[in-house]
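Asker: Build me a structure from this.
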Amino acid sequence: MRVVPSELYTNLIADLQTDRHNENQAVIEASSGQSVNTLSDNPLAAGQLVLNRAQMADVDQFSYSVSSVQGSMNSADSALNSVVNSLTQAVSVGTEAAGGTLSSPELQALAQQVSQIEQQVVGLANTTYQGNYLFSGSAVTTQAYTLDISTGAVTYNGNDDSNQVQVGEGESMAINLPGSTIFNASGADVFQSLAGLTTAINSGDTTSIGTAIASIQSALNNVIAQRSIYGVRLQELGADSTNLGQEKLTLQRNQTGLIGADEAQVATNLSQAEVTLQAAIAAASQVSQESLLNYLK
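Answerer: Predicted coordinates for the structure are as follows:
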């Protein structure tokens, strides 16, 4: 009686397991499109991948911050553009009143227009974005301004601080200007100027009206100057957004280089693995049959 040595079976089983593993690995790579699916596939690449993904997460967070800040600043810029238009209208109304030919009722009607403009500007100064007041400084949950209709007094309720947001590695940006800088600058107070023009028009004194118009013009110039700061920062944010997009593209390419599978090579490996496995199975089957025949002899 001849018996196939147990070592032969052991080797056959080991070869079959190896061939099965190779086929499974090829199937996984083909389905995932990745050459690295577990740490053991390539420890070095897996470690670099962890770092790469952490950098991508940072880029995504910075991109989100930039997008949010752009939205906030665009809203602020739009509001200030409307303020500029309102103050320009007030100057026009004041110029009409300063002509010296209008009746008292006509002057009162013009004064009422300026009062309405002031209310519009208060509303613009209370502009919100995603529930936050844009011109309250860092006190974003506090309404920036309140108007006492009975007295005409406008009160600033915010603070003189700005909110900072990180928009890049080691790069932060002040995302707003406090209302006190825009609407209450010394010698260029928007609401005092509008209230002064209303009073001057009601008085009918052309000299007082002229002085009030000059005051509004100063306030208008300050608003324009402060609005330009938003314009500069929006340009910077646009550049940041472009740079972050390019950085993410680079990281995505790096990731593909680290773990991306060559589709043609994967297909070849899978085909070879299947052929090898089938050959091994056939060989094992043949050996088993021969061993049984030998045992029966």
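
Asker: For the protein, which segments count as helices?
Answerer: Here the chain has its helices, by DSSP state H, at 6-32, 43-97, 104-125, 179-183, 190-203, 206-259, 263-296.

Asker: who touches residue 219 in this structure?
Answerer: Residue 219 makes contact with 87, 183, 185, 188-190, 193, according to CB atoms under 8 Å, 6 or more residues apart in numbering. Heads up, the C-betas are built off the backbone N, CA and C, glycines and all.

Asker: And for residue 178?
Answerer: Residue 178 is in contact with 135-138, 158-162, counting by CB under 8 Å, 6+ apart.

Asker: is it true that residue 128 touches residue 134?
Answerer: Yes - counting by CB atoms under 8 Å, residue 128 does reach residue 134; the two are 6.6 Å apart.

Asker: which of those two has more neighbours?
Answerer: Neighbours per residue (other CB atoms under 10 Å) separate residue 128 from residue 134, with residue 134 holding more: 27 against 17.

Asker: So that one versus residue 141, what's the distance?
Answerer: Separation of residue 134 from residue 141 (CB to CB, to the nearest Å): 12 Å.

Asker: number of nearby residues for residue 92?
Answerer: Applying other CB under 10 Å, I find that residue 92 has 12 neighbouring residues.

Asker: actually residue 157, sorry about that
Answerer: Residue 157: 15 neighbours (other CB under 10 Å).

Asker: OK, contacts around the nearest residue to it once chain neighbours are set aside?
Answerer: Spatial nearest neighbour of residue 157, chain neighbours left out: residue 142 (5.3 Å); criterion: CB to CB, 6 or more residues apart in numbering. Residue 142 is in contact with 133, 136, 157-158, counting by CB under 8 Å, 6+ apart.

Asker: from the residues you listed, which single one is nearest residue 101?
Answerer: residue 157 (41.5 Å; CB to CB).

Asker: List the contacts of that closest one.
Answerer: Residues in contact with residue 157 (CB under 8 Å, 6+ apart) are 136, 139, 142-146.

Asker: Among those residues, which pair sits farthest apart?
Answerer: Between any two of those (CB to CB), the greatest distance is 13.4 Å, for 139 and 146.

Asker: ok, and for stretch 175-190, which residues are buried?
Answerer: If you call a residue buried by 16 or more other CB atoms under 10 Å, then stretch 175-190 has these buried ones: 175-185, 188-190.

Asker: any idea how far residue 59 lies from residue 250?
Answerer: Counting by CB to CB, the gap from residue 59 to residue 250 is 10 Å.

Asker: And for residue 98?
Answerer: For residue 98 relative to residue 250 (CB to CB), the value is 62 Å.

Asker: of the two, who's got more company?
Answerer: More neighbours surround residue 98 than the other of residue 98 and residue 250, with 19 against 14 (other CB under 10 Å).

Asker: Tell me how many other residues surround the closest residue in space to that one that isn't next to it in sequence.
Answerer: Of all residues not flanking residue 98 in the chain, residue 209 sits nearest, at 4.4 Å (CB to CB, 6+ apart). When neighbours are counted by other CB under 10 Å, residue 209 registers 27.

Asker: which ones are touching residue 209?
Answerer: Counting by CB under 8 Å, 6+ apart, residue 209 touches 94, 97-98, 197, 200-201.

Asker: got those as a markdown table, with distance to residue 224 and pLDDT columns?
Answerer: Output for those, formatted as a markdown table (distance: CB to CB, whole Å; pLDDT from 0 to 100):
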| residue | distance to residue 224 | pLDDT |
| --- | --- | --- |
| 94 | 18 | 97 |
| 97 | 23 | 95 |
| 98 | 22 | 94 |
| 197 | 18 | 97 |
| 200 | 23 | 97 |
| 201 | 24 | 97 |
